[in-house]
Structure formats: structure tokens, C-alpha cells
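# I need the structure of the sequence given here:
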Amino acid sequence: MSFSDAVRTCFSKYVTFSGRATRPEYWWFVLFNLLGSIAASILDMILFGSGQDIVVETGFEAGAQAGPLAGLFSLVMFVPLLAAGWRRMHDTGRSGLFLLYPLIVMTGVGIAGALLIGPDGTFAGGLGGVIMWIGIFVLAISPLLVLWWLTRPTQPGDNEYGPNPTEAHS
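Numbers count the residues shown, from 1 in each chain. Now for the predicted structure:
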């Protein structure tokens, strides 16, 4: 699948979370998203400046200032990129929910951390601290695990999510 075919396919399946997406389809679309974000950020800097006026007016520092074009591009690309990743997980024989594992772990670690803070604002140690460190380790590993799953080869033949896309076009 070529770059333009992948982009066309992902946009034609803008909100389609069922079915399967091959590795080239997903990764070409990720590249398109990256290049589009860079282009939108450059256009923001050319058209609207560096964003320093916003920092001076509000008095708050921000790690990265997203201009209106980059923000709009990210907003438009969020659903098709999520759908493509969801279908990519299906292609490897996994549920699309596996794509959300880092978010699920982050929520769990945040809740556990909030529960382990005592009424006086100190962090409870002991077993709770050990569990928290294990949770932080899992949180650090979970995006790498998702990335690993996204790079896995297409599951041969049909699976519960549909026919093999490479065999269907052959």
C-alpha cells in the first residue's frame, strides 16, 4: 500500500472502528499525521508568530504552544488516527481496547496515588508505596507495549475482526 492509498483509505474509514488495517496503512497514516502537524505548526509560526504574546498576556508558561492551525489539524486527525490504530490492533488479533492500555494504567495509578495521600498531605509508605512504584513502572512500560503490538505482523487468514486485508486484495 502506498502513502497516498493509506491516507485515502484512512480518511474513507474516518470513524470506522471495525475491520482490520495493515501495517503499511497504519504507519503511512501516522507519517501523514506527523508531517501534517509539522506543516501546520510552521504555518502557525508564519501566520501568527511564535506564541510569545499569549505567554506574556496570561502570565503562564506552557511547554509547547499549539497555534490555531496545529490545534485544528490535531482535532480533525484525532478520530481517524484512533480508528486506524483500533483497526491495526484488530489486524494483529487483539481488541482495539488494547490501544487504550496506557490511558487505563494512568487512570489507575492516579487513583491509587490519590488514595495513598493521607489527610495531612503526606504520602503513605510501606506496601502502598511499593504498589505505587510497580504501577509507575507498568505506566512507563505500557506505551512501549502498545507500540510493540502496533508493529506486529498481520495475523494470517481471517480472524474475529474480519478477513485478512492483504489476502482480500490479492
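# Every contact and neighbour count from this point should use C-alpha atoms.
OK.
# Out of all residues in the chain, which is the farthest from the middle?
Ranking residues of the chain by C-alpha distance from their mean position (Cα atoms, centre = their mean) puts Asp120 at the top, at 36.7 Å.
# Quick check: it is in a helix.
No. Counting by DSSP: H, G, I helix; E, B strand; the rest coil, Asp120 is not part of a helix but coil.
# just the strands in this protein please.
Assigned by DSSP state E, the chain shows no strands.
# Could you chop it up by domain?
Following automatic domain parsing, one finds the domains of the chain at 1-92, 94-151.
# quick one: which of those domains is nearest Thr166?
Ranking the domains of the chain by proximity to Thr166 (Cα to Cα) places domain 1-92 first, at 7.5 Å.
# now the closest one: how far from the chain's centre is it?
How far domain 1-92 lies from its chain's middle: 10 Å, per Cα atoms, centre = their mean, to the nearest Å.
# Look at that domain and report the distance between its end residues.
Domain 1-92 has an end-to-end distance of 17 Å (criterion: Cα to Cα, to the nearest Å).
# pLDDT-wise, which helix or strand of this structure ranks last?
Sorting the helices and strands of the chain by mean pLDDT, DSSP states H and E puts helix 52-58 at the bottom, at a mean of 48.
# ok so, going back, export the domains of the chain as CSV, with columns for distance to Glu160.
As requested, the domains of the chain are exported to CSV (distance: least, Cα to Cα, whole Å):
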stretch, distance to Glu160
domain 1-92, 8
domain 94-151, 9
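# And these: which comes nearest Glu167?
domain 1-92 (10.9 Å).
# Where does pLDDT dip in the chain?
For the chain, the stretches flagged by pLDDT under 70 are 50-65, 124, 168-170.
# can you give me the helices in it?
In the chain, helices defined by DSSP state H lie at 3-12, 23-48, 52-58, 68-91, 101-115, 127-151, 165-168, listed in chain order.
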